[in-house]
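Peer 1: structure here, sequence nowhere to be found:
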């Protein structure tokens, strides 16, 4: 029998050990987070936001409706901005802080060494300096005090409302929000939409497969007949912009621009598409590509005039395809002050409705795919200098220390040239010149849209919209419709001749020079395509944008980042049919936005069926499935499942495997393989199919069908929904913060857009008749607080193609009031 | 007479008198629960304080576990009031960890009755 002394010793040791173990740092961390009653996670769970607050900016009331959408009513625009900042700071502060850290290059300070590469890249690019330049650009404008009030509102919430779960998990408190952070929001979106390293990737392909191959596989122009501005679209409207109060200023601007850019003819670029002959290594191309958004991120929008609608009123529809994240990229809000009333989607971190409507009109944006980002190599002397024309210049250098949580800090040297920041990897480097790396007025333009009282005002606002390059669609309550491209489109010159930008330039030889632009400075519109000359049309009868080529002959080089025309052509196909059948209404628009027909199938399935007699076993069954398929990617479809696997296998055989077989490309994280339009339209007698490492097209298709059959059999899937599972993740990668996984219909190229591999898709669907009842839906929920009932309350509706009202009514329960007669904002 | 001996004698008195035992337990509960709001080890402390007046070590252990369960129950109550119980359970592992920490630390604290 154990003596009492021994028992006490054993129990004492057990108790002491238990307490000691709880002091181990990692265990202690879990205890701080999850111990009942004291754990930070449970503190976050009990946040009870809202209340009555003092405001230094005036009275405002915030109501939240059944979907957590804030309806803000204020006595002034400043009071409105303060209250808007408060709700953003309450609902989305972690998301705002995370993106801010990404753009500032300070992620590693809270996330550890996993994000050092990202921090290095973003510090080298110095987006923060560009945001600071934007703050300077807006100094003295009417936008400046609005941004200041918004920032104060965010910080009031930061101090008042307790921290969201993510802050507790990472155990840090966010720094105060600033005007620079507001501008970083614009830089982040702009970089995502227009930042690219495509010429670097193409130079790698040229090294491996030859320049001629690059020109065939990455053509400057994809041949199709569905540009945004079709001949009949242009003929239905006019190029004459409406006059307005700002017309004289605008006219002067255009006149100045013309002085420097001469005529349209003078802006025709010289030389074919291709790499231009300059090279970088695959390591740099691969490294840089991880800091751009997935290839093909795009969006849909269309506008139909009252001539074709049942109620004779125009309709604007828009669904931007951005990253699908928990919480969503967008935040829905309804704002009203004496000067304007607007409702729509905003980026958390900035106060303005970007896509939406006001009392006078509705508008939306899609990405143009314009080339506004150039890359330069230099001759260097090994002593910190680079040659620029006839002179040797010192790199502008700065030592930067990157703070790393749980590891040693890292020091890098940031270098800049006359063109912009230098990015480097494995001894390879290029300088980057990008229109967003300077002061911009985009948020001032977006604010002006809220104020707009019709088409003339909207056009005036749009003239200030300088980054990113966007397709803008608009309709107003007077029945006007409108499409125009926005943003600075640089005119590059080499030896005085205008050149295309789809190449790496020799910076030392002063190739691809821009004018009117100094990195991190205050650019003018000299040296950029004047607003009036950009592609666009006033009062078209109907028009669809889906990132396809804007127009067949714009008169200048726009870019080669256009999306394959699958969605653009499908949108026009549906609209053409609907309009021919009779007047359209919101039901029609809803149906078009939910279209899941995959036009890639039309290019591949008939070819497979034509060789049906050469197939056997599972491959023959695949062909039979596809033979009776309607090309719609619905969840229950077995044909869609077969096509999905067939296309993946065909792509692997034709492009991925030959690319991977090259030693230089084998280790790359992201292979720069051509897009699906090229894959499916490359003719059987193209030299690519004569290579030793690529089978003939017909053999590739047979092989693909056999592989697809095997894969489907191995996975045990019966329908498309089994394989097309959408798992929207949280940026932290923490499983319990992710949205529930659901089967989804649609594909990379359907109008109802979802790319489950990249978590990209319709980030906001909106149907907006300026004189009717608008509808919208988010892929998740409006509140970024995991414990909120609005964390993902719209997700199922979004998946099922449902919408909710966008009525501009101050409905719901009172969330917060702000009174401006005694507070100091603290 | 040493202080320790005095305390031991007082503890014995509390353990042997029903009324004193319950008063001591009530005070221990109050202090313990307050401590759990301050630090995770407050659960161990609370369980120890609640266990000490128990008649024997086995009851002390039960009291410790009971205290841990009470703490978990209070957390659940807090979450219900905040309308966050369902998402908290939805967290999965972290929520079960909280239950484990509560019961485990209660058990650990309850061991003290076998020592003193």
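Peer 2: Sure thing, it's come through. What you see is a predicted model, and the numbers here were worked out from it, not measured in a lab.
Peer 1: just list the residues touching the closest residue to chain A within chain B, thanks.
Peer 2: Closest approach between chain B and chain A, counting by C-beta to the nearest C-beta: residue B:40, at 3.5 Å. (Glycine included, C-beta is placed from N, CA and C.) Applying C-beta atoms under 8 Å, 6 or more residues apart in numbering or on different chains to residue B:40 gives the contacts A:22, A:31, A:32, A:35, A:38, A:39, B:101, B:105.
Peer 1: report the contact partners of the fifth one.
Peer 2: Spelled out, it's residue A:38. Applying C-beta under 8 Å, 6+ apart, the residues near residue A:38 are A:32, B:36, B:37, B:38, B:39, B:40, B:42.
Peer 1: low-confidence ranges, the stretch 201-350 of chain A, go.
Peer 2: Low-confidence segments of the stretch 201-350 of chain A, defined by pLDDT under 70: A:243-279, A:295-296.
Peer 1: contact residues of it facing chain B?
Peer 2: Proximity of the stretch 201-350 of chain A to chain B, by C-beta under 8 Å from any C-beta of the partner chain, involves no residues.
Peer 1: which residues in the stretch 201-350 of chain A form helices?
Peer 2: A:211-217, A:231-236, A:247-261, A:282-289 (DSSP state H, counting those that start in this stretch).
Peer 1: where's whatever residue of the stretch 451-600 of chain A ends up closest to chain B relative to residue A:614, distance?
Peer 2: Nearest residue of the stretch 451-600 of chain A to chain B: residue A:594, at 29.2 Å (C-beta to the nearest C-beta). To residue A:614, residue A:594 is 37 Å away according to C-beta to C-beta, to the nearest Å.
Peer 1: from memory residue A:734 sits against residue A:170, does it?
Peer 2: No - using C-beta atoms under 8 Å, residue A:734 makes no contact with residue A:170, being 10.0 Å away.
Peer 1: returning to what we had before: on the three-state scheme, the residue of chain B closest to chain A is what?
Peer 2: Three-state call for residue B:40 (DSSP: H, G, I helix; E, B strand; the rest coil): coil.
Peer 1: and the pLDDT for the residue nearest to residue A:115 when sequence neighbours are not counted?
Peer 2: The spatial neighbour of residue A:115 that comes closest, neighbours along the chain excluded (C-beta to C-beta, 6 or more residues apart in numbering or on different chains), is residue A:107 at 3.9 Å. Residue A:107 is assigned a pLDDT of 97 by the prediction.
Peer 1: list the residues that contact residue A:107.
Peer 2: Per C-beta under 8 Å, 6+ apart, neighbours of residue A:107: A:98, A:101, A:115, A:118, A:119.
Peer 1: swap the cut-off to 10 Å and go again
Peer 2: Contacts for residue A:107 (C-beta atoms under 10 Å, 6 or more residues apart in numbering or on different chains) come out as A:98-101, A:114-116, A:118-119, A:122, A:402-405, A:731.
Peer 1: residue A:21 now?
Peer 2: Per C-beta under 10 Å, 6+ apart, neighbours of residue A:21: A:27, A:28, B:108.
Peer 1: please name the spatially closest residue to the last one (chain neighbours excluded).
Peer 2: Same thing as residue B:108. Nearest to residue B:108 is residue A:18, by C-beta to C-beta, 6+ apart, at 4.3 Å.
Peer 1: quick one: low-confidence parts of the stretch 401-550 of chain A?
Peer 2: In the stretch 401-550 of chain A (pLDDT under 70), no residue qualifies.
Peer 1: quick check: residues of the stretch 1-150 of chain A near chain B?
Peer 2: Taking C-beta under 10 Å from any C-beta of the partner chain, the part of the stretch 1-150 of chain A that reaches chain B is made up of A:4, A:7-19, A:21-23, A:27-28, A:30-39, A:41-48.
Peer 1: if we use 8 Å, what do you get?
Peer 2: A:7-8, A:11-12, A:14-15, A:18-19, A:22, A:30-39, A:41-42, A:45-48.
Peer 1: which among those count as buried?
Peer 2: Among the residues of the stretch 1-150 of chain A next to chain B, the ones that count as buried by 16 or more other C-beta atoms under 10 Å in any protein chain shown are A:11, A:15, A:18, A:22, A:30-39, A:41-42, A:45, A:47.
Peer 1: go through chain B and flag its longest helix.
Peer 2: The helix that spans the most residues within chain B, counting by DSSP state H, is helix B:57-81.
Peer 1: what's that helix packed up against?
Peer 2: helix A:40-45, helix B:18-38, helix B:42-51, helix B:85-90, helix B:93-110 (3 or more C-beta pairs under 8 Å, 6 or more residues apart in numbering or on different chains; DSSP states H and E).
Peer 1: how about the ones you listed in TSV, adding mean pLDDT and distance to residue A:127?
Peer 2: Shown next, in TSV, are the helices and strands packed on helix B:57-81 (pLDDT from 0 to 100; distance: least, C-beta to C-beta, whole Å):
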stretch	mean pLDDT	distance to residue A:127
helix A:40-45	96	30
helix B:18-38	95	42
helix B:42-51	96	45
helix B:85-90	96	34
helix B:93-110	96	34
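Peer 1: which one of these lies closest to residue A:68?
Peer 2: helix B:85-90 (14.0 Å; C-beta to C-beta).
Peer 1: please identify the deepest-packed of the helices and strands packed on helix B:57-81.
Peer 2: Of all the helices and strands packed on helix B:57-81, helix B:42-51 carries the top mean neighbour count, a mean of 28, counting by mean count of other C-beta atoms under 10 Å in any protein chain shown.
Peer 1: angle of it against helix B:93-110?
Peer 2: Helix B:42-51 runs at 40 degrees relative to helix B:93-110, counting by axes from the mean of the first three to the mean of the last three C-alpha atoms, to 10 degrees.
Peer 1: angle of helix B:42-51 against helix B:57-81?
Peer 2: 130 degrees.
Peer 1: contacts only, for the residue lying closest to residue A:437 once chain neighbours are set aside.
Peer 2: Closest residue to residue A:437 apart from its sequence neighbours, by C-beta to C-beta, 6+ apart: residue A:130 at 4.6 Å. Residues near residue A:130 by C-beta under 8 Å, 6+ apart: A:183, A:187, A:436, A:437, A:438, A:439, A:520.
Peer 1: and the end-to-end length of stretch A:230-241?
Peer 2: End-to-end distance for stretch A:230-241, by C-alpha to C-alpha, to the nearest Å: 19 Å.
Peer 1: returning to what we had before: phi and psi next, for the residue of the stretch 451-600 of chain A closest to chain B.
Peer 2: With angles defined as degrees, to the nearest 10, residue A:594 sits at phi -100, psi 10.
Peer 1: mind checking pLDDT for it?
Peer 2: 97.
Peer 1: so how far is residue A:369 from the closest residue in space to it that isn't next to it in sequence?
Peer 2: Spatially, and ignoring its direct neighbours in sequence, residue A:594 is nearest to residue A:801 (4.2 Å; C-beta to C-beta, 6+ apart). According to C-beta to C-beta, residue A:801 stands 27 Å off from residue A:369.
Peer 1: looking at those two, which one has more neighbours?
Peer 2: A direct count of neighbours by other C-beta atoms under 10 Å in any protein chain shown for residue A:801 and residue A:369 places residue A:369 higher, at 23 against 16.
Peer 1: what's the neighbour count on the residue of the stretch 451-600 of chain A closest to chain B?
Peer 2: Using other C-beta under 10 Å: residue A:594 sits among 19 other residues.
Peer 1: contact residues of chain B facing chain A?
Peer 2: Within chain B, the residues that sit near chain A (C-beta under 8 Å from any C-beta) are B:33, B:36-44, B:71-72, B:74-75, B:78-79, B:81-84, B:87-88, B:90-94, B:97-99, B:101-102, B:105, B:108-109, B:111-112, B:114-115.
Peer 1: now do 7 Å
Peer 2: Taking C-beta under 7 Å from any C-beta of the partner chain, the part of chain B that reaches chain A is made up of B:36-44, B:71-72, B:74-75, B:78-79, B:82, B:84, B:87-88, B:91-92, B:94, B:97-98, B:101-102, B:108, B:111-112, B:114-115.
Peer 1: what's the closest of the contacts of residue B:40 to residue A:71?
Peer 2: residue A:39 (34.4 Å).
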